[in-house]
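Asks: I would like the atomic coordinates for the input below:
(one chain, ligands or ions: 1)
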Amino acid sequence: MIIAIDGPAGSGKSTVAKMLAKHLGIRYLDTGAMYRALTWKAMQHKVNLDDERALCRLMDQTKIHFHYKEKGLLVFVDDKNVTHEIRSPSVTNNTHYISSKPGVRAVMVNLQREFALEGDTVAEGRDMGTVVFPDAEKKFFLDARIEERAKRRFYESESSNNENSFDGVLQEIELRDQRDTTRKESPLKISADSIYIDTTDLTINEVLHRIIKEVEPLMKNK
Ligand code: DC
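Replies: Next up, the predicted model:
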């Protein structure tokens, strides 16, 4: 069984996807972390982020894997733990170079499908319901007003001592929305069969419970 969760930055999808996977006792796939991981490695190796062939070669030589801990998800590139590094502002700002390359996406999509072959999965990203898992049993699209999404990111970054201003965070999110929705390859969009949830005025637990209500009948039928 695959549960696909898509949505823009700050929509709450990562937090909810993690909690949902835990609640259901199934696997969690953070596809954004995979694009971030390759971005981190490309930056370390000073690969030209516009050179698709070089990035595909690098991807072939890269092993991305996850470890699941009680406290959260650990992300490894080859054997290095890069859980924190891949969330840095420079990686966040450069990931669009990687995620816009069709050759890189093709490899990522294969890896994501292989991951889901190994067991029931909550898969989270931008193109889970539209491209990677078009036959997912349930699809959700989480969204929220941009000011609310920026507010969430601002408080998150404040707790990690990031010195970005609220307006700076808002502008970054606007730019990421624009890049995610207008790129040629697998842009962020709502698939016709997904359940749309506006999380602007909802708590994480309220979002989670709405999703659980939709998904639990599937678990009972298994
Ligand atoms: O969800 P996130 O912020 O960790 O995603 C990081 C970047 O990767 C973001 O710029 C969009 C991109 N991404 C993508 O293109 N396709 C996915 N399935 C997941 C993320």
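Asks: and Lys139, how far is that from the ligand?
Replies: Note on Lys139: its distance to the ligand, by Cβ to the nearest ligand atom, to the nearest Å, is 13 Å. For glycine as for every other residue, the C-beta is placed from the backbone atoms N, C-alpha and C.
Asks: Contacts made by stretch 56-72 with the rest, please.
Replies: Applying Cβ atoms under 8 Å, 6 or more residues apart in numbering, the contact partners of stretch 56-72 are 18, 28, 30, 33-34, 37-38, 41-42, 45, 47, 73-78, 83, 101, 103-104, 107-108, 111.
Asks: Out of those residues, list just those in strands.
Replies: Among the contacts of stretch 56-72, the members falling in strands (DSSP state E) are Tyr28, Asp30, Leu73, Leu74, Val75, Phe76, Val77.
Asks: want to throw the residues you listed into JSON lines with pLDDT and distance to the ligand?
Replies: Listed next are those as JSON lines, based on pLDDT from 0 to 100; distance: Cβ to the nearest ligand atom, whole Å:
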{"residue": "Tyr28", "pLDDT": "96", "distance to the ligand": "13"}
{"residue": "Asp30", "pLDDT": "97", "distance to the ligand": "7"}
{"residue": "Leu73", "pLDDT": "91", "distance to the ligand": "11"}
{"residue": "Leu74", "pLDDT": "96", "distance to the ligand": "15"}
{"residue": "Val75", "pLDDT": "97", "distance to the ligand": "10"}
{"residue": "Phe76", "pLDDT": "97", "distance to the ligand": "16"}
{"residue": "Val77", "pLDDT": "98", "distance to the ligand": "15"}
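Asks: Pick the one among those residues closest to Ala54.
Replies: Val77 (16.5 Å; Cβ to Cβ).
Asks: Looks like that closest one contacts Arg36 (just checking).
Replies: No - judged on Cβ atoms under 8 Å, Val77 makes no contact with Arg36 at a distance of 9.7 Å.
Asks: These two: which is more packed in?
Replies: Neighbours were counted for Val77 and for Arg36 using other Cβ atoms under 10 Å; Arg36 has more, 25 against 20.
Asks: Nearest residue to the more buried one in space, ignoring adjacent ones along the chain?
Replies: Ile86 (3.9 Å; Cβ to Cβ, 6 or more residues apart in numbering).
Asks: Can you give me the neighbour number for the one you found?
Replies: Neighbour number of Ile86 under other Cβ under 10 Å is 23.
Asks: Then Lys213?
Replies: Neighbours around Lys213, by other Cβ under 10 Å: 9.
Asks: show me where pLDDT drops low in this protein?
Replies: 158-162 (pLDDT under 70).
Asks: Can you tell me which residues in it are near the ligand?
Replies: 9, 31-32, 35-36, 95-96, 99, 125-127, 176, 180 (Cβ under 6 Å from any ligand atom).
Asks: let's see 5 Å
Replies: Residues of the chain lying near the ligand by Cβ under 5 Å from any ligand atom: Thr31, Gly32, Tyr35, Thr95, Ser99, Gly125, Arg126, Asp127.
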